[in-house]
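Chemist: build me a model from this:
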Amino acid sequence: MKKSWNTFGVCLLAVSLAGIVAPALADDDCDVPVERWQTRDAVSQMARQKGWDLKRIKIDDGCYEVRGQDAGGRAFKAKLDPETLEIVEIRYRDHKDRERRRDHDRGELRDTAPAASTPAASTPAAPAAAPEGKPSAGISVGGARIE
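Modeler: Predicted structure coming up:
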């Protein structure tokens, strides 16, 4: 009886580990053997045919990942199947949204900045003149005494 519980425990452990490992392996968007991949030159040529201006080509999750601008000047990031060069996923970046966020952030910074002080308040006060017959307090700058 004890032997069957040990076997059951091992099987249960194996099944639970398989449940953990399977999602980690499923992260790859493209599952194509490297021997069937098209070259980076083919990716560049496909991009030119679409009117894309590529800034970057890299490999991510088993796919080609490209960044650049489309024919309309919109910035994008796309994942391509390395065998067929079909678009797996594409995301466009909206520069207007980025500018709005930047302006909004600047506005928050301006609102929290301290109010400008008057020039008279920002200048240091001159030392008071010493009464006659007594030495002045003087100022020490870099070890030298100035009176």
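
Chemist: so what does the strand or helix carrying residue 45 touch, helix or strand wise?
Modeler: Assigned by DSSP states H and E, residue 45 belongs to helix 40-50. Packing partners of helix 40-50 (3 or more C-beta pairs under 8 Å, 6 or more residues apart in numbering; DSSP states H and E): strand 53-60, strand 63-69. Every C-beta, even on glycine, is put in place using the N, C-alpha and C of the backbone.

Chemist: distance of residue 34 from residue 83?
Modeler: 10 Å (C-beta to C-beta, to the nearest Å).

Chemist: compare neighbour counts for these two and give me the winner.
Modeler: Legend: neighbour count by other C-beta atoms under 10 Å for residue 34 and residue 83, higher for residue 83 (14 against 8).

Chemist: so how far is residue 33 from the more buried one?
Modeler: 9 Å.

Chemist: same check, this time on residue 75
Modeler: For residue 75, the distance to residue 33 - C-beta to C-beta - is 32 Å.

Chemist: likewise for residue 41?
Modeler: Residue 41 is 19 Å from residue 33, by C-beta to C-beta.

Chemist: check residue 79 too.
Modeler: Taking C-beta to C-beta, one finds residue 79 at 18 Å from residue 33.

Chemist: which one of these two is surrounded by more residues?
Modeler: Neighbour totals were compared for residue 79 and residue 33, and residue 79 leads with 20 against 9 (other C-beta under 10 Å).

Chemist: looking only at pLDDT, what's the mean for the host helix or strand of that one?
Modeler: Using DSSP H and E, residue 79 maps to strand 75-80. Averaged across strand 75-80, the pLDDT comes to 96.

Chemist: next one: stretch 85-94
Modeler: Per-residue pLDDT over stretch 85-94 has a mean of 92.
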